[in-house]
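J.: Provide a 3D model corresponding to the input given below.
(2 chains)
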There are 2 protein chains.
Amino acid sequence: MEYRVQAPASLREPLQVPDKLLMGPGPSNAHPRVLEAMSRPILGHLHPETLKIMDDIKDGVRYLFQTNNAATFCLSASGHGGMEATLCNLLEDGDVVLIGHTGHWGDRAADMAARYGADVHMVRAAPGASLTLAELRKAIETYRPSVLFLTQGDSSTGVLQGLEGVGAVCRANDCLLIVDTVASLGGVPFFMDRWEIDAVYTGSQKVLGAPPGITPISFNHRAVERYKRRQSKVKVYYWDMFLVGDYWGCFGRPRIYHHTISSTLLYGLREAVALACEESIPSLIARHQDCARRLHDGITAMGLELYAQERDRLPTVTTIRVPKDVDWLKVAQHAMKTYLVEISGGLGPTAGQVFRIGLMGQNATSERVDRVLQVFRDSIKAIKPDFASRKNASKM
Amino acid sequence: MEYRVQAPASLREPLQVPDKLLMGPGPSNAHPRVLEAMSRPILGHLHPETLKIMDDIKDGVRYLFQTNNAATFCLSASGHGGMEATLCNLLEDGDVVLIGHTGHWGDRAADMAARYGADVHMVRAAPGASLTLAELRKAIETYRPSVLFLTQGDSSTGVLQGLEGVGAVCRANDCLLIVDTVASLGGVPFFMDRWEIDAVYTGSQKVLGAPPGITPISFNHRAVERYKRRQSKVKVYYWDMFLVGDYWGCFGRPRIYHHTISSTLLYGLREAVALACEESIPSLIARHQDCARRLHDGITAMGLELYAQERDRLPTVTTIRVPKDVDWLKVAQHAMKTYLVEISGGLGPTAGQVFRIGLMGQNATSERVDRVLQVFRDSIKAIKPDFASRKNASKM
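T.: Sure, this is the predicted structure:
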């Protein structure tokens, strides 16, 4: 009587979680060891066992980023939190930021940076292409930004942005370099220290195959110095590098409570990072690149066209032009309904124009490439029965 | 050779997670059904099964908050995210915010609000006490805030803040009322709609016994109207009520991708909310209050003094003055090492002054109250062998 809002009947039904093959741009399927770890009991945010797991993750993340940065930790948020935190910590009102645009993530970063009060400029690559070092240098010399933001692997376009040499240009122009490696890390080479990258973050739920919700991030000494010279406090307590970093024990000061971390997500990420370290970066990358080649060959053999230019193709996310007269959504729905296989459509600038197939972590095997190719072909044919892939055509 | 940073040896060791009894101010122990759910396969952030789970959670959260608000959803962040999001969505540069201070969480909210550019004023309760309606009215009439922030249950002091009548005073003064129920919801009555509360959030890892990392939140129509009248964009994309709310399907518009939600945390929260709904709010509250009484009696019988005033005691977190000549840290460490039972020290204004014992969710049973009392007594005696509890003394 006093309780006017009733409990919903739906919550009396059991939880339903089908087991799908996640071949979209992420999340990818998690390893059974990762899933098992997440059913372990909850631990407190300052328990020694929790701090030990955090330390192990920090060391593993340093290996994956190839950095010795002290300020290497995780945010208790999805990958978007990494974008927020790098921008929020390194920008103040009126600062000029330059965004290298190779797809949706450039737009997202521009939106965030503007909200933080930055003066946002954009340098745009041609559709399906990355930016050249010359284009980036020219834009830096034109806009004189204090921060350059690049996406190494833009999951909306499947474009891989080259990073070698960019750090040196930034350094010569007193500009910090932020790189988003959410969709790329583990699938392509990445060397934070050697490439002089000042701030980076990645996604837990892509190549690593951990759950989303916890985001590895690293800042180098130049980024830390920029933070120290700020005139104003970082606008968001939750993203403040020094506060989160102190909780993660990054700066040699006592650990302080910042927020209540999710032990569950730590367990999952810890096991995922451990699996990646066991496999080693070179073999992880080779596996993703071999699978991407197999996928690209299969797609081309079907008579379909890849969206990203050949020299700029990201192995982890492949974009495929939607053939004329094919309803991409129906194809994706057919694949999901009939086979429990996820194939995605475009995002942002590629919405309606492309399919996206992800090969990440546990899903980067030749068996799964063959599976997704078969499902993709069958689903297109189910929606458009007269679709004749080149492979079939050549048999005729 | 090319990889200069090596993979850490520590990640070759198995993950170690001891099973503890978490009788601190949170997180609490999760129900086995919650833990099992989190080992289910990962789902995508826009899969229909995911959206169904989100809808179920929304309905369950509406019941727990006792609200019909459309804008009821969760943030992919710890409880701190709820504080960030309520302040960030409802404040603009120069807005006056009044913080009702009953402990640490008032300080935290003041820090965040100042970072968002607000003009922050504080009304402070006496230590161990809550604010009266008269004190709040006077402060509102003095500072003319556009937002009042209150903590229903301050876990640092164990103080319960009364809320009845505050909403009406706010409404009469064109002020929005934000309430933090992180440590209180499910342990004491809470009626969002009846009490005219404009924005609220709670913790997943307290009475609900879900993992931390996902934070239920709700805004009423007044808060939504305030948002719509903003002169400036919400400063943080990740906390933007309309963007997250559209992803959660709150405003009748198409679901749009905002961030990659953690299906794992959704599973855990869904099961925890389902358990709370099955038990029902009245019996959940009665169980917490019965257990708190038992705990308070036991503490008093030991000759120890409760920190919070009798009329202002929070059932979920009990604060106990550290007796003279007792090293609280050694007591807590003894309890943890010898019994794997968590008993906490103070936080912020109560640091070093109190012990904190939490009774939340699965841990609010008479057996666990008796267990924590026994462990607490034994641990004090282990550190201070001449400690004679009143109970023992009366036997002599």
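J.: Please count neighbours and contacts with C-alpha atoms only from this point.
T.: Will do.
J.: The closest residue to A:Phe65 other than its chain neighbours: what secondary structure?
T.: The shortest distance from A:Phe65 to any non-neighbouring residue, by C-alpha to C-alpha, 6 or more residues apart in numbering or on different chains, is to A:Met192 (5.7 Å). Secondary structure, DSSP: H, G, I helix; E, B strand; the rest coil: A:Met192 is coil.
J.: Kindly report the same for A:Ile357.
T.: Assigned with three-state DSSP, A:Ile357 falls in the strand class.
J.: For it, list the residues it contacts.
T.: By C-alpha atoms under 8 Å, 6 or more residues apart in numbering or on different chains, the contact list for A:Ile357 reads A:Met23, A:Gly24, A:Pro25, A:Val317, A:Thr318, A:Thr319, A:Ile343, A:Ser344.
J.: Grab the two from those residues that are most spread out in space.
T.: Greatest spatial distance among those (C-alpha to C-alpha): A:Met23 and A:Thr319, at 12.1 Å.
J.: neighbour count winner among these two?
T.: Ranked by neighbour count (other C-alpha atoms under 10 Å in any protein chain shown), A:Met23 and A:Thr319 place A:Thr319 first, with 29 against 25.
J.: what about the strands in the stretch 151-300 of chain A?
T.: Counting by DSSP state E, counting those that start in this stretch, residue ranges of the strands within the stretch 151-300 of chain A are A:153-154, A:159-160, A:176-180, A:199-201, A:215-219.
J.: Of all those strands, which one is nearest A:Glu305?
T.: strand A:159-160 (14.6 Å).
J.: right, and A:Ile281 touches A:Leu185 too?
T.: No. With contact defined as C-alpha atoms under 8 Å, A:Ile281 does not count as touching A:Leu185 (9.5 Å).
J.: Next, show the common contact partners of the two.
T.: Jointly contacting A:Ile281 and A:Leu185 under the rule C-alpha under 8 Å, 6+ apart are A:Leu64.
J.: now stretch A:363-376: how far from the chain's centre is it?
T.: In terms of C-alpha atoms, centre = their mean, to the nearest Å, the centre of stretch A:363-376 is found 21 Å from the chain centre.
J.: any idea of the mean pLDDT for it?
T.: Stretch A:363-376 shows a mean pLDDT of 98.
J.: Show the contacting residues for A:Leu148.
T.: Counting by C-alpha under 8 Å, 6+ apart, the residues that A:Leu148 touches are A:Val97, A:Leu98, A:Ile99, A:Gly100, A:Cys170, A:Cys175, A:Leu176, A:Leu177, A:Ile178.
J.: would it count as being in a strand?
T.: Yes. A:Leu148 sits within a strand when classified using three-state DSSP.
J.: Please export the alpha-carbon coordinates of the helix or strand containing A:Ala382; CSV is fine.
T.: Using DSSP states H and E, A:Ala382 falls within helix A:366-383. Included here for helix A:366-383 are C-alpha records, laid out as CSV according to Å, rounded to 0.1, in the frame of the first residue of the first chain:
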residue,chain,number,x,y,z
SER,A,366,41.3,-19.8,-39.1
GLU,A,367,38.3,-21.9,-38.0
ARG,A,368,36.4,-18.9,-37.0
VAL,A,369,37.4,-16.9,-40.1
ASP,A,370,36.0,-19.8,-42.2
ARG,A,371,32.9,-19.9,-40.0
VAL,A,372,32.1,-16.2,-40.3
LEU,A,373,32.8,-16.3,-44.1
GLN,A,374,30.4,-19.1,-44.5
VAL,A,375,27.7,-17.5,-42.4
PHE,A,376,28.2,-14.2,-44.2
ARG,A,377,27.9,-15.8,-47.6
ASP,A,378,24.8,-17.8,-46.6
SER,A,379,23.2,-14.8,-45.0
ILE,A,380,23.6,-12.6,-48.0
LYS,A,381,22.2,-15.3,-50.2
ALA,A,382,19.3,-15.8,-47.9
ILE,A,383,18.4,-12.1,-48.2
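J.: Figure out which of the strands of the stretch 151-300 of chain A is closest to B:Tyr307.
T.: Closest of the strands of the stretch 151-300 of chain A to B:Tyr307 is strand A:215-219, at 38.7 Å (criterion: C-alpha to C-alpha).
J.: Which strands border that closest one, and is each parallel or antiparallel?
T.: Counting by DSSP bridges, the strands paired with strand A:215-219 are strand A:71-75 (antiparallel), strand A:199-201 (antiparallel).
J.: In a markdown table: those strands, plus mean neighbour count, mean pLDDT and distance to A:Ala113.
T.: Output for those, formatted as a markdown table (neighbours: other C-alpha atoms under 10 Å in any protein chain shown; pLDDT from 0 to 100; distance: least, C-alpha to C-alpha, whole Å):
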| stretch | mean neighbour count | mean pLDDT | distance to A:Ala113 |
| --- | --- | --- | --- |
| strand A:71-75 | 26 | 98 | 18 |
| strand A:199-201 | 28 | 98 | 15 |
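J.: With distance to A:Arg356 added, can I get the ones you listed in JSON lines?
T.: Shown next, in JSON lines, are the strands paired with strand A:215-219 (distance: least, C-alpha to C-alpha, whole Å):
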{"stretch": "strand A:71-75", "distance to A:Arg356": "27"}
{"stretch": "strand A:199-201", "distance to A:Arg356": "22"}
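J.: Tell me how far stretch A:145-162 lies from the chain's centre.
T.: 11 Å.
J.: before we move on, the earlier item: of A:Ile281 and A:Leu185, give the one with the bigger neighbour count.
T.: A:Leu185 (26 against 23).
J.: The more buried one: what's it in contact with?
T.: Going by C-alpha under 8 Å, 6+ apart, A:Leu185 touches A:Leu64, A:Phe65, A:Thr202, A:Val207.
J.: would you turn the residues you listed into JSON lines with pLDDT?
T.: Formatted as JSON lines, the contacts of A:Leu185 follow (pLDDT from 0 to 100):
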{"residue": "A:Leu64", "pLDDT": "98"}
{"residue": "A:Phe65", "pLDDT": "98"}
{"residue": "A:Thr202", "pLDDT": "98"}
{"residue": "A:Val207", "pLDDT": "97"}
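J.: Any buried residues in stretch A:213-225, and which?
T.: Within stretch A:213-225, the residues that qualify as buried are A:Gly213, A:Ile214, A:Thr215, A:Pro216, A:Ile217, A:Ser218, A:Phe219, A:Asn220, A:Arg222, A:Ala223, A:Val224, counting by 16 or more other C-alpha atoms under 10 Å in any protein chain shown.
J.: and the end-to-end length of it?
T.: For stretch A:213-225, the first-to-last residue distance is 28 Å (C-alpha to C-alpha, to the nearest Å).
J.: do stretch A:37-47 as well
T.: Per C-alpha to C-alpha, stretch A:37-47 runs 17 Å from first to last residue.
J.: Can that stretch be said to contact chain B?
T.: Yes. Shown here: stretch A:37-47 in contact with chain B (C-alpha under 8 Å from any C-alpha of the partner chain) through A:Ala37, A:Met38, A:Ser39, A:Arg40, A:Pro41, A:Ile42, A:Leu43, A:Gly44.
J.: Noted, bye for now.
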